[in-house]
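predicted structure and sequence below. I'll ask about it afterward.
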Amino acid sequence: MSDPATTRASSSQAFSSQASSSQAASSQAASSQAASSQASALLWRPRGAWEGATKPGRHGAPDGAAGVRLTLRDGFGLATLIAADGKDADLQAILAERFGLSLPEAGAAQIEGERGLIWSAPGQWLALAPSPHVLRDLPEALRGVAAVTDQSDSRALVRISGPQARAMLAKGVAVDLHPRAFGPGRAAVTSIAHIGVQLWQRDAGPTYEIAVARSFAGSFWGWLEHAAAEFGYEVEPGRV
Amino acid sequence: MRYSLFSVLGQALRGQRDWTPQWRDAAPQEAYDVVIVGGGGHGLATAYYLAKEHGITRVAVLEKSHVGSGNVGRNTTIVRSNYGLPGNIPFYERSMKLWEGLEQDINYNAMVSQRGVLNLYHSDAQRDAYARRGNAMRLAGIDAELLDREGVRAMVPFIDFDNARFPVKGGLLQRRGGTVRHDAVAWGYARAASDRGVDIVQNCAVTGIRRENGRVTGVETSRGFIRAGKVALSVAGSSSLLAGMVDMRLPIESHVLQAFVSEGVKPLIDCVMTFGAGHFYVSQSDKGGLVFGGDIDGYNSYASRGNLHTIEDVMEGGMALWPGLGRLRLLRHWGGIMDMSMDGSPIIDRTDIGGLYLNAGWCYGGFKATPAAGFCFAHLIARDEPHADASAYRLDRFATGHLIDEKGMGAQPNLH
Amino acid sequence: MTTLALQRAEAPVSATSADQPFRTATGGLIDRNRPRDFSFDGRRLTGYHGDTLASALLANGVRLVGRSFKYHRPRGILSAGSEEPNALVELRSGARREPNTRATMAELYEGLEATSQNRWPSLALDALSVNALLSPIFAAGFYYKTFMWPAGLWEKLYEPMIRRAAGLGRAADAPDPDTYDHAHAHCDVLVIGGGPAGLAAALAAGRSGARVILVDEDFATGGRLLAERREIGGVSGAEWAARAVAELESLPEVRILTRTTLFGVYDHGAYGAVERVSDHLAVPAPHAPRQRLWRIVARRAVLAAGAIERPHVFGGNDRPGVMLAGAVRTYLNRYGVLPGRRLAVFTSSDDGWRTAADAIAAGGGLAAVIDTRTSVPPHLRRMAEAAGARVVTGGYVAGAKGHLGLSAIQVVDGYHSTETIACDGLAMANGWNPVVHLDSHLSRRPVWDEAIHAFVPGALPSGMQAAGAAAGRFTLAECLETGARAGAEAATACGFEASAEAVPQTDPESVAHTPLWRAPKPRGKAFVDFQNDVAASDVELAHREGFRAVELLKRYTTLGMATDQGKTSNLAGLSIMAELTGKDIPSVGTTVFRPPFTPVAIGAFAGHHRGKEFRATRHVPSHAWAEENGCVFVETGLWLRPAYFPKAGETDWLDTVVREVETVRTKVGICDVTTLGKIDIQGRDALAFIERVCANPFGTLPVGKARYAVLLREDGFVMDDGTVARLAETHYVMTASTANAARVMQHLEFCRQWLWPELDVQLASISEQWAQYAVAGPRARDTLRRIVDPGFDISNQAFPFLAAAEITVGGGIPARLFRISFSGELAYELAVPAAYGDAAWRALMQAGLPYGITAYGSEALSVMRIEKGHAAGAEINGQTTARDLGLGGMLAKKKDYIGRLMKERPALTDPDRPILAGFRPVDPSDRLRAGAHFLALDAEPSLEADEGVMTSVAYSPSLRSWIGIGLIRRGTERHGERVRAYDPVRGADIEVEICSPVFVDPKEEKLRV
Amino acid sequence: MRIRCPHCGERDNGEFSYLGDAAPRRPDGMEASAQAMHDYVYLRDNPAGTLRELWYHAAGCRSWLVVTRDTRTHAIEAVEPARDVARARSSGEAA
């Protein structure tokens, strides 16, 4: 196993070459992989969406245990699946067969470990995977059934847990996150501090994950710091 | 009694006993030459100029509630003539000139305060757009100055120059712009019109418009039928409802615009200032309250109140521009119902129905237009032809394409 | 005589501490073990933890607290709550100064600093108190009648004078140093008010398991229970409240928000509340906000906001020392403070007698009780007389004396004879008004209840019910009962099993009263609205001048328009107008109460969004590199875009931009164009969809090609332009301009979902997934070749102008390559996954090194597009048609598309319409500026002479001159003609020559090499 | 104001953007008269009362919605996905 960056590059390539309908691209994939040298792998280092915005460690109110834990996620795969008209059932069947995941209803997420399907809009889901290459088969598998667009780099992802996680999120999330209204397996598309987010709950801890558009990562982080400061918070870098 | 320092002093000695109602609370007569529907600023000004400029005094102003109960009393009191399109420029300048002589004309102190209107810009593109507008104003002989950052700093040193998300780069200043005590405009016109013989009929709601052979004959009201040679609608906010009485559909939607006032404080700001990178504009009333506003709520409404989302949006703009506002307190917020037109500009025109005239579509610019709208509408009613300064405000411009779209937002009223 | 009375009264309280002479020896809910030092107008004083500033001032014998708005009359403390009109102070100092702060709501903290306002040079000796002498002139609306001559003096003299005199406190003169927070809360039952009714409601609802939020503006929960000597079920009211709070706190789904004002009711069960998190501290704790704005969504709400006592209207009723009777009890019982040593009570019910009894119990002297009723219960009379008080029945207080504080009252008895009674405090009990403000926020009108002579809630907003005093149910038993019932009903409505348990025993009370709306023959100015100095005579004047409708009365006299929104004054004004017009009060009407219930700090509304956080900032993928390389950025919508990249030695931005442009035109440059909107369009009907949304034809676009695209609005004007590339048979990518990206996406969704739901098409925004870079210049291909993976042929033959393909770069990284050009050079746009954006940028810079590559920003980009005559934001401004922009020829003829029909309207096809052209200064050294208008050379400047406008300008390094593009009448026909670019706002008037808008490479040869 | 998005649940109106009256039907641009297109683009009933109107859940699921709301009270009677309404309308016309 080479260093993560190289893995990332090649796996992205694999995913995308499948996604592509361009014959040129897929036919060239093998030769281009061969051409990658150690030097170019170093040069072509992917940059995490949180890079430059976040600082690991303990911040905010210093007393006691941190009320909020923020785990930065990186290296995951994401794709938007949009069912073609009248193809929801086909999509459901293929996903169940190939990936063992069923399509969640509106406002729901099906998360199994580091893989999942998160409802985004009518007929539209976000597929989450531990790395982009896991999703490489999707476009081909879903041809004619759903439009697949790679979004692995489009979002910054953070996992939020800790005893004050819900209180902290209430400062920005207008959706009711109380256990009676929202729980593990629930998802919402909404906004926080004028920034569009997609959030889902992983467990009853509670642990949440929030995806935010990459270009907004810095500003979103600014809000997180503002909101979490009074509880004290811990930032930990993390790959999946 | 004529209003003057002497009458005020005289009445101070007499316990204010001799003042009389400022306008006659008239009962409706059977017939009028002109019936104006709507006793707001525009309707009253129209009546006044009909009497003064055209000698038409058999005029009734019908008001469903009391004088000035609509938008003339619910706005942020700003007057200016800093428009950029030829259809608007002469009209608003006519209005500004009328403001400048208003108090002496109607013998009522409406506190016309030419303290300057400063529109801030935050980018080169915005600067050029303001230059374009300012130059158009100058072409029409209207005062306009393009200030740089230092010029702005000299006027409003307290705004955020150093830590702003959208740094202030300068501003377009119209020194002759300013504020007017809004209620006093309605009252002053009511008094002056009443003095010239106009009947101001309050608590008189129009429920129907009667037509014969394609021509109006009068209005049904909550106080009975009133015959009229001409009927003039001046009911911003409710224009579509009145037009609906004669099966007309208008290029207008009714929207709610919120306005805000803070607690009164000692003088803070000496001009009217608008933020160019958010929804916020502000001035300070003579009583000390900051009067401010932002954007419309954005949905059709006939309820004169808005919602929290817009309130926060306006306050964020305020704090972003002027971080010293944080500890000042919002005293009140309220909403008015606007005629939002399809190109953001008004309509002063005849209709297809003989004797029926329309003054509508003012969006949130109706207050500053009050004198000119009255003046030009009166001209239209009296002469049956548009006044030159309002000749662009035609109802058929949407069909011909002669739009007056200052913001370039197209046929979506809530974006103007 | 006054002096004597005071000396006599001193005896009972001689036991109080010397430094708080009006503090009772025992009692109250203050913590006497925690003294708190504070200052008022620089005077150092001491109070206790649990005091408000008002109670601490009274404990120290400070009665004079402020000056009134108009007449600068001495004013004291009227109330003990948020309705306070008089005792407004500046709290704190410097950047934290808070003007107009109610002393009755300001919690005392160590080191509190308060200053009186609206006075000069001092509170006791105020120069503008001369206004009081001029009050016969300063009647309501006097200013509408004068200050008109000469016209020019208004702004110069009259208005500055009025403005300086007006206003109350002084705002802080520096940015607010504190932070503000926002939070959302959701509940089944929202209980507004923490008095007996609110607590009973919260208990009934909370016990059922419902999610309950109780908000209380006070810092201690209990409402009037803390202020009265009452018992509930055998324990004191305060004790009962404490037990109720303890139980509520033990319920996991109940949240109590103290120091929190529910300020506004909005549509569909949305409420606004503000929590004063840190206002009881000198400065907020680290990381804590000063205040928090709560947006509460509740399925049901119980309005238990209580009632506000009404003052009497008589001469001098504003003198410091004249207070509401309930407030007197609050000071006596809750704070252990004697509001006066010799107190008189003016009442129209049994309520006032309770104040008398409490004063006696607290050891205060009782001077008199004046009851408007002719008969009073004998035991009450006996109680007062036993304490040595004069009792007057069937009479009223007509006047009050004492310059800076009350010294005596003038009482008219039932036989119309007048006597003067010395006193230093007067408690007014004239009945209570339910708090109907909140239920009015949704345009509901309260209704008149003749039984209690007050307005009570009418039809309430959906989901809201009122309880206790807020519903006009004034007895303690009723408060508990209606509260519990409302709480139980609300919880039941939310699906919980709740019931109102039996109400504990309370002592009997009489709340019947007959208000005296105003003293029949007042001595001196009788105030209706204290804060705005509106007197009964002003209401009479308004009546005389025809301002009789309640809104007119309000606006003409300013009655009820002060910071208290008339909480203590509106009804008094209405009642006088009713008397004058011969109507009953409800026929006169009510004013509409507007949010907020009490004033709310603007900072609280803004929360986090101030300074740099006003709006989010979007960063481009090359941002880190740009920062490292000294880039100057520019705000473009939410984006922070690289504007230009100065190099060492370049001192002027223009030097840099010229260098960047020249490098692109002769070598190669790269520019981050990620900010463009990118929309993935797939599906069986993708082409049909694109054909309908774009004005130019796409039917012939093959796979692997891109094409310029124009989108119109339905009204025929240009909405946006961009490109559409066909990646596969049913797969397209559309770009939109930076400014319009979101709008175009929304528009496309509108078309897909609403206009043409039958089309099978899938839209996804991929703007964030791809970093996109323009690589432009003669060496663009050479540069690209060094990063494009071998095997992809990007030669001119294999990859000609407008080609589009999916490729890989950097050893297998997926990428998209488009041969499109905004600069007019041989150019490409390369898209890579955003995580590789930084790497790709660095790789390109390295790859281009041998060719002399430069990074270029939006400034150089703009220069080059102007040199090419490409329309951008300044031209596509929503007022221009495709024809105006010279794009008319490319529009499709044989298909329907958005905007097709409306663009044909006569005015839009008028040949006289300004149309795009180029402009060059006749004198090459002249600088052009956008925003200049075009005039004929010999024309007098006028609107009629206006021929158009310069929209964009640049210094063109290629032409070594400023150039511009703009819109001018019949511009295409007039190349070579000279006009003036008239720019008076910048003092310029320059002769320019009209030319083609394409200044560089008009035959487009460079694009195709 | 709270709008119950049929997909996302109840949300603050700040998450939505507004277009207006849902009644006007876009005529086919190849066949319609200029007058018909003018009426579609510009004329509105603007009632004080029940209005069926188009909202876009911009900060949520990006669905266009048809909201039936009283413009005097803001009371919302129904919220439907616009695409469903549009499809029903089309099939109604086809039938």
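Looks like it arrived, so ask away.

which parts of chain D sit against chain C?
D:1-2, D:10, D:12, D:17, D:19, D:26, D:28-30, D:32, D:34, D:37-38, D:40-41, D:54, D:56, D:58, D:62-64, D:73-76, D:81-83, D:86-87, D:90 (C-beta under 8 Å from any C-beta of the partner chain). Using the backbone N, CA and C atoms, a C-beta is placed for each residue, glycine as well.

so which of these sit within strands?
D:Arg2, D:Glu10, D:Asp12, D:Ser17, D:Leu19, D:Leu54, D:Tyr56, D:Trp64, D:Ile76, D:Pro81 (DSSP state E).

could you list which of those also contact chain A?
Near chain A, by the rule C-beta under 8 Å from any C-beta, you find D:Asp12, D:Pro81 out of these.

show me where pLDDT drops low in chain A?
Under the criterion pLDDT under 70, the flagged ranges of chain A are A:1-42, A:239-240.

domain parsing for it?
Domains of chain A are assigned by automatic domain parsing as A:4-43, A:57-238.

CSV for those domains, including distance to chain C and mean neighbour count?
Converted to CSV, those look like this (distance: least, C-beta to the nearest C-beta, whole Å; neighbours: other C-beta atoms under 10 Å in any protein chain shown):
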stretch, distance to chain C, mean neighbour count
domain A:4-43, 2, 19
domain A:57-238, 4, 20
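
out of those, the one nearest chain D is which?
domain A:57-238 (4.0 Å; C-beta to the nearest C-beta).

what's the span of the closest one from first residue to last?
12 Å (C-alpha to C-alpha, to the nearest Å).

distance between that domain and the chain's centre?
6 Å (C-alpha atoms, centre = their mean, to the nearest Å).

is it anywhere near chain D?
Yes - using C-beta under 8 Å from any C-beta, domain A:57-238 reaches chain D at A:106-107, A:120-122, A:124, A:174-175, A:188-191, A:196.

strands - which of those land there?
Using DSSP E, the residues of domain A:57-238 next to chain D in strands are A:Ser120, A:Ala121, A:Gln124, A:Ala188, A:Val189, A:Thr190, A:Ser191, A:Gly196.

closest to C:Glu159 out of the residues you listed?
Within those, the smallest distance to C:Glu159 is 43.9 Å, found for A:Ser191 (C-beta to C-beta).

B:Trp322: which of the domains of chain A is closest?
domain A:57-238 (19.7 Å).

any part of the closest one near chain B?
No - if you take C-beta under 8 Å from any C-beta as the test, domain A:57-238 misses chain B, and the best it gets is 8.8 Å.

so which residue of the stretch 201-350 of chain B comes closest to chain A?
For the stretch 201-350 of chain B, C-beta to the nearest C-beta, closest residue to chain A: B:Glu316, 8.8 Å.

how far away is that residue from C:Ala327?
Taking C-beta to C-beta, to the nearest Å as the measure, B:Glu316 falls 37 Å from C:Ala327.

contacting residues for the most centrally placed residue in chain D?
Nearest to the mean C-alpha position of chain D, by C-alpha atoms, centre = their mean, lies D:Leu54 at 2.4 Å. Contact analysis of D:Leu54 by C-beta atoms under 8 Å, 6 or more residues apart in numbering or on different chains lists C:Phe750, C:Trp754, D:Tyr18, D:Leu19, D:Gly20, D:Asp21, D:Ala22, D:Trp64, D:Leu65, D:Val66, D:Val67, D:Ala82.

look up how far chain A lies from it.
16 Å (C-beta to the nearest C-beta, to the nearest Å).

now do B:Tyr393
Taken as C-beta to the nearest C-beta, the span from B:Tyr393 to chain A is 37 Å.

secondary structure element holding that residue?
Of the helices and strands defined by DSSP states H and E, none includes B:Tyr393.

quick check, C:Thr482 in a helix?
Yes - under DSSP: H, G, I helix; E, B strand; the rest coil, C:Thr482 falls within a helix.

from memory it sits against C:Ala470, does it?
No - if you go by C-beta atoms under 8 Å, C:Thr482 and C:Ala470 don't touch, sitting 9.3 Å apart.

about what we covered before: so the residue of the stretch 201-350 of chain B closest to chain A: helix, strand or coil?
Under three-state DSSP, B:Glu316 comes out as helix.

now do the same contact list for D:Gln35.
D:Gln35 neighbours (C-beta under 8 Å, 6+ apart): B:Ala399.

pLDDT score assigned to it?
pLDDT, D:Gln35: 96.

common neighbours of C:Thr482 and C:Ala470, please.
C:Ala197.

please say which of these two ends up with more neighbours.
C:Ala470 (31 against 27; other C-beta atoms under 10 Å in any protein chain shown).

quick one: low-confidence residue ranges for the stretch 201-350 of chain B.
Ranges of the stretch 201-350 of chain B meeting pLDDT under 70: none found.

mind listing the helices for it?
Assigned by DSSP state H, counting those that start in this stretch, the stretch 201-350 of chain B shows helices spanning B:239-244, B:308-321.
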